[in-house]
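Asks: Here is my input, please return the structure:
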Amino acid sequence: FILAMLKVTGDFEKAIKESSKILAIRGRVVPSTLKRIVLVAQHQDGTQTEGESNISKVRSRIERLYLKPEGCVATEDALEAIQNADAVVMGPGSLYSSILPNLLIEDLSDALARSRAPKIYICNVMTQTHETDGFGAFDHVNTIAEHSHPDVLSHVIVNNGHIPPNILAKYSKGGSIPVKADTEKIRALGYQVIEDNIINAADIVRHNPRRVSKLILEIINAEKKKNAGGKKKRKERLLEAV
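Replies: Numbering: from 1, shown residues only. Take a look at the predicted model:
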């Protein structure tokens, strides 16, 4: 659809905006960059794979992800959105082909690191075949930090809910298992971790949007109270000094 709109408008940014209008999307869709780039994965066996849709097909574990060509810049809209955000929420989604590509844009990653808003990563519930085989929650978080900047995150939401055995059996046939909630290792990196039952698991495993949104709002409100308390204490110290 976006490609069709690109042919009509002749401009990628306009195509995104017009697509948003036609599809009546709530909020704004902002491209992270306007540069034509290719996602490249360096695998542990020394091979490389180019293209987002091809990366998840290769069995060899991903060692490093990067953009080609290097040095692409973020859009002004993306940087402005980060600067003005009350909170930044990342995930859930494919670690290597959805989350990380945006964070590989250096000035976007730097803007996130500077932001004082809560930066919340919603960790995947199940591993993704050929991308995150055997990954725990710590591996997801650590991979994000290593590819971008440790300060792009402040909070991590991890599932500790029970997945029925019959559902697990379906996923295991495709090589997917639950992401281990190794939260103490994440806390050791300096992040705040929220563990909760955040899944729907009727026929497939999905995040429960109501539970996740409730946790996000709780984080935002807690940070606002903390910041308000900090401002009050600073004001009291100034009055004492006077």
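
Asks: Three-state assignment for the residue nearest to Y191 when sequence neighbours are not counted, please.
Replies: Counting by Cβ to Cβ, 6 or more residues apart in numbering, the nearest residue to Y191 once its immediate chain neighbours are dropped is V156, at 5.2 Å. In short, each C-beta sits where N, CA and C put it, glycine included. Assigned state for V156: strand (three-state reduction, DSSP: H, G, I helix; E, B strand; the rest coil).

Asks: tell me the contacts of V156?
Replies: Taking Cβ atoms under 8 Å, 6 or more residues apart in numbering as the contact definition, V156 lies against I120, Y121, C123, A137, V141, T183, I186, Y191, Q192, V193, I194.

Asks: go again using 10 Å as the cut-off
Replies: The neighbourhood of V156, defined by Cβ atoms under 10 Å, 6 or more residues apart in numbering, consists of 90-91, 119-123, 137-138, 140-141, 144, 183, 186-187, 189, 191-195.

Asks: quick one, what contacts G161?
Replies: Taking Cβ under 10 Å, 6+ apart as the criterion, G161 is in contact with 125, 178, 181, 195-201, 205, 208, 211.

Asks: So among these, where is pLDDT lowest?
Replies: Model confidence across those bottoms out at A201, which has 82.

Asks: how close does it sit to N227?
Replies: As defined by Cβ to Cβ, to the nearest Å, A201 lies at a distance of 36 Å from N227.

Asks: and what of I55?
Replies: According to Cβ to Cβ, I55 stands 39 Å off from N227.

Asks: more crowded one of these two?
Replies: Under the neighbour definition other Cβ atoms under 10 Å, I55 and N227 were set side by side, and I55 has more, 21 against 11.

Asks: in which helix or strand would I find the closest residue to that one other than its chain neighbours?
Replies: Spatial nearest neighbour of I55, excluding adjacent residues (Cβ to Cβ, 6+ apart): A41 at 4.7 Å. A41 is located in strand 38-43, with elements delineated by DSSP states H and E.

Asks: Contacts only, for the residue sitting nearest the centre point of the chain.
Replies: Residue closest to the average C-alpha location in the chain (Cα atoms, centre = their mean): M90, at 2.9 Å. Contact criterion Cβ under 10 Å, 6+ apart gives 98-100, 102-103, 112, 119-123, 144, 152-153, 156 as the residues in contact with M90.

Asks: Show the buried residues in these.
Replies: Burial by neighbour count, judged by 16 or more other Cβ atoms under 10 Å, picks out 99-100, 102-103, 112, 119-123, 144, 152-153, 156 from the contacts of M90.

Asks: Among those residues, which ones are in strands?
Replies: With DSSP state E as the criterion, strands contain K119, I120, Y121, I122, V156 from among the buried ones among the contacts of M90.

Asks: And A188, how close does it get to I120?
Replies: When distance is defined by Cβ to Cβ, A188 is 19 Å away from I120.

Asks: Please disregard the earlier target; I meant G190.
Replies: For G190, the distance to I120 equals 15 Å [Cβ to Cβ].

Asks: Please flag which of the contacts of V156 sit within helices.
Replies: Using DSSP state H, the subset of those located in helices is A137, F138, H140, V141, I144, T183, I186, R187.

Asks: just those now: which is nearest V29?
Replies: Minimum separation from V29 among the ones in helices among the contacts of V156 (Cβ to Cβ) is found for I144, which lies at 22.0 Å.
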